[in-house]
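In: how would this look folded up:
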Amino acid sequence: MAGISGINGASAGLQAAQITSQYQVLALKKQLDATKLIGDSAIKLIQSASVDPAVGKKLNVTA
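Out: Numbering: from 1, shown residues only. Purely as a prediction, here's the structure:
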């Protein structure tokens, strides 16, 4: 009987490891999606910034 209970214990441990692994994969996927969203938002913000071409062309040195 000790052999059967050992197998059952190993099986339960394996199932717990699989569930933990699946949870970690889902968490990483959500984190990756959030990171992509932040990156896309940053790119849109940079692209939407209007830069006046005249800015920085002239320097006012009179006091």
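
In: What's the end-to-end length of stretch 44-56?
Out: In terms of C-alpha to C-alpha, to the nearest Å, the two terminal residues of stretch 44-56 are separated by 24 Å.

In: Stretch 48-63: which residues count as buried?
Out: Using 16 or more other C-beta atoms under 10 Å as the burial criterion, none of the residues of stretch 48-63 qualify. Backbone N, C-alpha and C define where each C-beta goes, glycine included.

In: Now do it: distance to the chain's middle.
Out: Its chain's C-alpha centre and that of stretch 48-63 lie 38 Å apart, by C-alpha atoms, centre = their mean, to the nearest Å.

In: pLDDT averaged over that stretch - what is it?
Out: Across stretch 48-63, pLDDT averages out at 76.

In: cool, stretch 11-31 as well?
Out: For stretch 11-31, the per-residue pLDDT averages 92.
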